[in-house]
Every structure is written in C-alpha cells, then in structure tokens.
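> Give me a 3D structure for the following:
(one chain, ligands or ions: 1)
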Amino acid sequence: MSVNLGIFISGRGTNMEALLDACANGTAPATPKLVLSNRPDALGLTTAAKRAIATCAIDHKPFGKDREAFERALHAKATDAGIDLIALAGFMRILSPWFTERWEGRVLNIHPSLLPKYPGLNTHERALEAGDAEHGCSVHWVNSGLDQGETIAQAAIKVRSDDTVETLRARVLVEEHKLYPHALKIACEQILQRQS
Ligand code: GAR
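Below is the predicted model:
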C-alpha cells in the first residue's frame, strides 16, 4: 500500500529532493505522482524532471487577486493526478480555506521555526533578534490558519553566539531534510490507516 504524493514547491526544492529520496528508499510508503510549482522557473521543477517525476507549473500571477481561481487550478491538477497527500515544500503561497477545507487532513507543510513560535516569514531573523537559545523546524498538518495546524514532528538546534541569519538558516535546513522524510512516514501511515 502506498500513498500517492504531490509535492508543491516555489523554488530550489531541496526539501522536495529529501521527500523524493524518502519515497525511493522506502523510508515513507509514498509514490511521487506530481511536483507542482507556482513559479514556472523554479529550479526544483528541473530537478524533479531529471528524476523522471511528472512536473507542472501553475503560475499564480495571471490569476491576479483571484486566489480561488488559482486554487481551483491547483485542486484540478492534484485531483487529476490522483493525489492522496500534498506536501508543501517551500511553497510560498498562502492557501485559503477554499483549498484547505477541501484537502483537510491531506496537506503537510514544513516551516523553519519551532511552531507555534514565528509563523510567517523571516523566522531566522526573528529567532536571532529575540535572543532564542534554540531554533528549528516543524512539520504540521495544514489548516485554514497560517502555520497553525497540528504539529507532526519538530527538530531543534542550539543557536550559537556567532550565528548569522545565513548560518542559522543553513543549519536548520540540514535538520529539515531529516525531519520531513520522518514526518512524511508518519503522515502516510495515518492516511493508510484511514483508508483501511
Ligand atoms: C525551507 O527552508 C522551508 O522550510 C521554507 O522555505 C525553504 C524552502 O527551501 N518554507 C517556508 O518558509 C514556508 N513558510 P527548499 O526549496 O530548498 O526546500
């Protein structure tokens, strides 16, 4: 039994690669069916295509302020591809309730903070400015609140006195690449249990 996985990206897609590896090496019972980007020039699309994964770009820009029309296009593509679970991996568009309600319990996100701390952007800057001793990343189910759904797994690292935004970002990213496959496995097992 395997979960049909869709991965939504906006950029370079290093978390996407960690998820594709997890599918390929059996860490998670999932089969990647589609990598979708809202940016047609996303580097991750090229990486996925090289790995013979189906890719698709749905540029959000022509939809302007019509968020629902953009999300209808995402929904149609994901439904056509027979996707059971969507993993957001650096997908930098906020999904509205129109989408999250249709996909409730079927969308994961990775976020570079120890949620509930620092939802939204600039998480590394905010952790450094606050003088936090720890920082990290979280994988959570997506609901209609920004970075607010139930957390599946987290990884924490110690902030160093000489950390800059860039060094902290890089060390958190290393943790993201380990955390997301682990959380994907947990999410897939929950979905397969629901289906049985
Ligand atoms: C990752 O650090 C991810 O946690 C973050 O974007 C980066 C994407 O990198 N996501 C968010 O900030 C979502 N709010 P990647 O394209 O190399 O995976």
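
> give me the residue from the chain nearest the ligand.
Residue of the chain nearest the ligand, by C-beta to the nearest ligand atom: residue 90 (2.6 Å). In short, each C-beta sits where N, CA and C put it, glycine included.

> can you pull the contacts of residue 163?
Applying C-beta atoms under 8 Å, 6 or more residues apart in numbering to residue 163 gives the contacts 128, 171.

> close enough to count as contact, the residue of the chain closest to the ligand and residue 17?
No. Here residue 90 lies out of contact with residue 17, judged by C-beta atoms under 8 Å, at a distance of 11.0 Å.

> Which one's more surrounded, those two?
Set residue 90 next to residue 17 and count neighbours by other C-beta atoms under 10 Å: residue 90 wins out with 21 against 17.

> sec struct for the more buried one, please.
coil (DSSP: H, G, I helix; E, B strand; the rest coil).

> swap in the one 10 residues further on?
Per three-state DSSP, the secondary structure class of residue 100 is helix.

> circling back: who touches both of residue 90 and residue 17?
residue 44.

> coming back round to it: show me what contacts the residue of the chain closest to the ligand?
9, 10, 11, 12, 13, 14, 15, 16, 44, 110.

> how about the residues of the chain near the ligand?
With C-beta under 6 Å from any ligand atom as the criterion, the chain meets the ligand at residues 9, 11-15, 89-90, 110-112, 173, 176.

> so can I have TSV of the residues you listed showing pLDDT?
As requested, the residues of the chain next to the ligand are arranged in TSV below (pLDDT from 0 to 100):
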residue	pLDDT
9	98
11	98
12	97
13	98
14	98
15	98
89	98
90	98
110	98
111	98
112	98
173	98
176	98
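
> Whichever of the residues you listed end up buried, select them in PyMOL.
To isolate the buried members of these in PyMOL, using 16 or more other C-beta atoms under 10 Å:
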select buried, resi 9+11+13+14+15+89+90+110+111+112+176
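
> Strands of this structure, start to end?
3-9, 30-37, 55-57, 85-88, 107-111, 134-141, 151-158 (DSSP state E).

> Tabulate the ones you listed (CSV), appending distance to residue 118.
As requested, the strands of the chain are arranged in CSV below (distance: least, C-beta to C-beta, whole Å):
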stretch, distance to residue 118
strand 3-9, 21
strand 30-37, 25
strand 55-57, 29
strand 85-88, 17
strand 107-111, 8
strand 134-141, 9
strand 151-158, 13
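
> which parts of stretch 135-144 are buried?
Here stretch 135-144 shows 135, 136, 137, 138, 139, 140, 141, 142, 143 as buried, counting by 16+ other C-beta under 10 Å.

> ok, so of those, who is nearest residue 54?
residue 142 (22.1 Å; C-beta to C-beta).

> ok, the closest one to residue 32 distance?
19 Å (C-beta to C-beta, to the nearest Å).

> And for residue 103?
17 Å.

> so where's the longest helix in the protein?
helix 165-195 (DSSP state H).

> That one - contacts with which helices or strands?
Applying 3 or more C-beta pairs under 8 Å, 6 or more residues apart in numbering; DSSP states H and E, we find helix 165-195 packed against strand 3-9, helix 14-24, strand 85-88, strand 107-111, helix 123-130, strand 134-141, strand 151-158.
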